[in-house]
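Visitor: Quick one, structure for this:
(one chain, ligands or ions: 2)
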Amino acid sequence: MKFILALDQGTTSSRAMVFDRAGTIRGMAQREFRQFFPQPGWVEQDGNEIWASQVGVAMEAVTRAGLTMADIAAIGITNQRETTLLWDRQTGKPLHNAIVWQDRRTAAACDRLKEAGREPLFRERTGLVLDAYFSGTKLAWLLDNIPGARERAEAGELAFGTVDSWLVWNLTGGRRHLTDVSNASRTLMFDIHRGCWDGELLELLGIPANLLPEVVGSSEVYGETTPGLFAVPVPIAGIAGDQQAALFGQACTRPGMAKNTYGTGCFMLMQTGATAVPSRNNLLTTVAWRIGDRTDYALEGSVFIAGAAVQWLRDGLGIIRSAAEVEPLAASVPDSGGVYLVPAFAGLGAPHWDQYARGTMVGITRGTTAAHIARATLEGIAFQVADLLQAMEDDAGLPLAELRVDGGAAGNDLLMQFQADLLRVPVTRPTVHETTALGAACLAGLAVGYWKDQAEIATHWQLDRTFAPTLPAERAAELRAGWSRALERAKGWAVPGEPSS
Ligand SMILES: Nc1ncnc2c1ncn2[C@@H]1O[C@H](COP(=O)(O)OP(=O)(O)O)[C@@H](O)[C@H]1O
Ligand SMILES: O=P(O)(O)OC[C@H](O)CO
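Guide: Residues are numbered from 1 along each chain as shown. Ligands and ions are numbered 1, 2, ... in the order given. Next comes the predicted model:
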């Protein structure tokens, strides 16, 4: 019997999971790596640590499953998206730390493109908004700030990649430089309608085309791991950005189905089938995956800070010792006591897109306790998601039947109940929480015939628990009105051009 190995390279940790034919996890390993914050609003990671941690957990997961690499039919890759790496094609060494998706250093560069009236062009071609979140301006920053990088790039000596490209480059010993369509669609350089890099956008961003990886589908055999890396070479057969992989792993394969992942940030994606639906409400239009000749699209709402706010309670404020402690602390009070916490620590993503918003807490009184702040933090996550759902339903022109949830913070029952109360739709949580890794495994398994088709894969989805709305609708509306007022206080706080912006 064979198995599928999924590599899930996330923002805060690298994980690997071995799945069997029933979609059950047989072995798992996880390793955190360092985050660097060289200036306020900047976030970096070391590409070598990303690779070393990922390859390390891959071997560990297989060993923990009681297997060897010879038992693995294929590898599927899924990754934190937009994070930008630049490396030397000759030595394979990164020229700089990776610039992480949360990094805001290119906010002013985005402003300049907006002021030049370029936003409609980028929006139409890429489905994205001009925001520092995406890879294009990060790559331009690297070329402009590393001495000699631009000349070397033009001479064809360098390679750009998002984390999927970086992993494939290393897994294949530098033989393959590629990215899948779902990752390419997060760069601001890719035309999602034609399915190729866009020369005009590259010119506007100042990016030489010879830096770019080849764009491939999400479920096909790209090559084998380089001899000597593992005991035997293993085919690499699936790649998708982590949010698209979660959509696949949640079996949201029919138009109108949606999932929300509560990790570092929150990412709500709705499948829209073969149609790239433009958003009227500042959501993103993105490639979900390409399987064979068919490209599926999704509408996406991206919230930058969700579970990371809970980490801040733990590491910044020290009012909890572990993320899980937030739930009993928040449950020790009946409500937030009128406190609202807007976790705009890295600006605001969809649907507000305010690069200069910053974290804000309002409604504090003499009676406010750590428990109220803990509760307001969880509620702040749910309010952001409610804003996304409203925008998404309006764009799609139909109400959502249910929201499928996953990610670390989806294990928090209090948060899930409050989420259902705000959304007024059932929130459904599957038994396999690791839907991102499952999605990557499914894409790889489909490519090598391990699973027959998408219908077979959909049978892996099993319900753990449904959270139904119980709070009266009027109370939910009052709470959301309070949230809207708090949001206004957070917007536009940082001053453009000042170090903290
Ligand atoms: N019980 C919990 N309640 C709220 N947040 C939690 C809980 N457990 C974990 N988290 C948060 O979930 C995040 C980790 O989820 P994960 O899906 O592993 O994220 P990522 O893939 O972004 O690294 C962390 O930010 C953590 O603070
Ligand atoms: O690593 P995650 O799960 O926080 O996901 C990050 C997203 O891909 C960023 O767009």
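Visitor: Strands of the stretch 201-350 of the chain, start to end?
Guide: 214-216, 219-224, 235-241, 258-262, 266-273, 284-291, 294-303, 340-342 (DSSP state E, counting those that start in this stretch).
Visitor: Deepest-packed of the ones you listed, please.
Guide: Per-stretch averages of neighbours, counted by mean count of other Cβ atoms under 10 Å, single out strand 235-241 among the strands of the stretch 201-350 of the chain, with a mean of 30. Glycine gets a C-beta too; all of them are placed from N, C-alpha and C.
Visitor: could you give the angle of that one to strand 294-303?
Guide: Orientation check (axes from the mean of the first three to the mean of the last three Cα atoms, to 10 degrees): strand 235-241 against strand 294-303 gives 50 degrees.
Visitor: Mean confidence (pLDDT) on strand 235-241, please.
Guide: For strand 235-241, mean pLDDT is 98.
Visitor: can you check stretch 493-501 too?
Guide: 66.
Visitor: mind checking the end-to-end distance for stretch 266-281?
Guide: 17 Å (Cα to Cα, to the nearest Å).
Visitor: With distance to ligand 1 as extra columns, can I get the strands of the stretch 201-350 of the chain in CSV?
Guide: Listed next are the strands of the stretch 201-350 of the chain as CSV, based on distance: least, Cβ to the nearest ligand atom, whole Å:
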stretch, distance to ligand 1
strand 214-216, 24
strand 219-224, 22
strand 235-241, 12
strand 258-262, 6
strand 266-273, 9
strand 284-291, 18
strand 294-303, 12
strand 340-342, 13
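Visitor: and the strand or helix carrying Ile373, what does it pack onto?
Guide: Secondary structure assignment for Ile373, by DSSP states H and E: helix 370-396. Packing partners of helix 370-396 (3 or more Cβ pairs under 8 Å, 6 or more residues apart in numbering; DSSP states H and E): strand 258-262, strand 266-273, strand 294-303, helix 307-312, helix 326-331, strand 340-342, helix 413-423, helix 473-490.
Visitor: Give me the residues contacting the following helix or strand past the shortest one.
Guide: What that stands for is strand 340-342. Later in the chain than strand 340-342, the nearest helix or strand by DSSP H and E is strand 360-362. With Cβ atoms under 8 Å, 6 or more residues apart in numbering as the contact definition, strand 360-362 has outside contacts at 339-342, 344, 373, 376, 485-486, 489-490, 493.
Visitor: what about burial for those, which qualify?
Guide: 339-342, 344, 373, 376, 486, 490, 493 (16 or more other Cβ atoms under 10 Å).
Visitor: Spatially, which two of those residues are the most separated?
Guide: The distance between the two most remote of those (Cβ to Cβ) is 19.1 Å, for Ile373 and Trp493.
Visitor: ok, back up a step: make JSON lines from the contacts of strand 360-362 and add distance to Arg254 to it.
Guide: Formatted as JSON lines, the contacts of strand 360-362 follow (distance: Cβ to Cβ, whole Å):
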{"residue": "Val339", "distance to Arg254": "40"}
{"residue": "Tyr340", "distance to Arg254": "36"}
{"residue": "Leu341", "distance to Arg254": "36"}
{"residue": "Val342", "distance to Arg254": "34"}
{"residue": "Ala344", "distance to Arg254": "34"}
{"residue": "Ile373", "distance to Arg254": "40"}
{"residue": "Ala376", "distance to Arg254": "36"}
{"residue": "Arg485", "distance to Arg254": "38"}
{"residue": "Ala486", "distance to Arg254": "36"}
{"residue": "Arg489", "distance to Arg254": "40"}
{"residue": "Ala490", "distance to Arg254": "36"}
{"residue": "Trp493", "distance to Arg254": "41"}
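Visitor: Please render the strands of the stretch 201-350 of the chain as CSV that adds distance to Gln462 to the earlier fields.
Guide: Shown next, in CSV, are the strands of the stretch 201-350 of the chain (distance: least, Cβ to Cβ, whole Å):
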stretch, distance to Gln462
strand 214-216, 31
strand 219-224, 23
strand 235-241, 21
strand 258-262, 15
strand 266-273, 20
strand 284-291, 22
strand 294-303, 23
strand 340-342, 34
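Visitor: among these, which is nearest Leu414?
Guide: Per Cβ to Cβ, nearest to Leu414 of the strands of the stretch 201-350 of the chain: strand 258-262, 12.4 Å.
Visitor: Which elements pack onto the closest one?
Guide: Against strand 258-262 (3+ Cβ pairs under 8 Å, 6+ apart) you get helix 242-249, strand 266-273, helix 370-396, strand 403-406, helix 435-447.
Visitor: Can you name every helix or strand that the lowest-mean-pLDDT helix or strand in the chain contacts?
Guide: Taking mean pLDDT, DSSP states H and E as the measure, the helix or strand of the chain with the lowest value is helix 454-458, at a mean of 86. The helices and strands touching helix 454-458, judged by 3+ Cβ pairs under 8 Å, 6+ apart, are helix 435-447.
Visitor: Could you check the helix it packs on and say which residues are buried?
Guide: 435-447.
Visitor: swap in stretch 426-437?
Guide: 427-430, 432-437.
Visitor: Going by distance to ligand 2, which of those wins?
Guide: Thr436 (6.8 Å; Cβ to the nearest ligand atom).
Visitor: With that, I have no additional questions.
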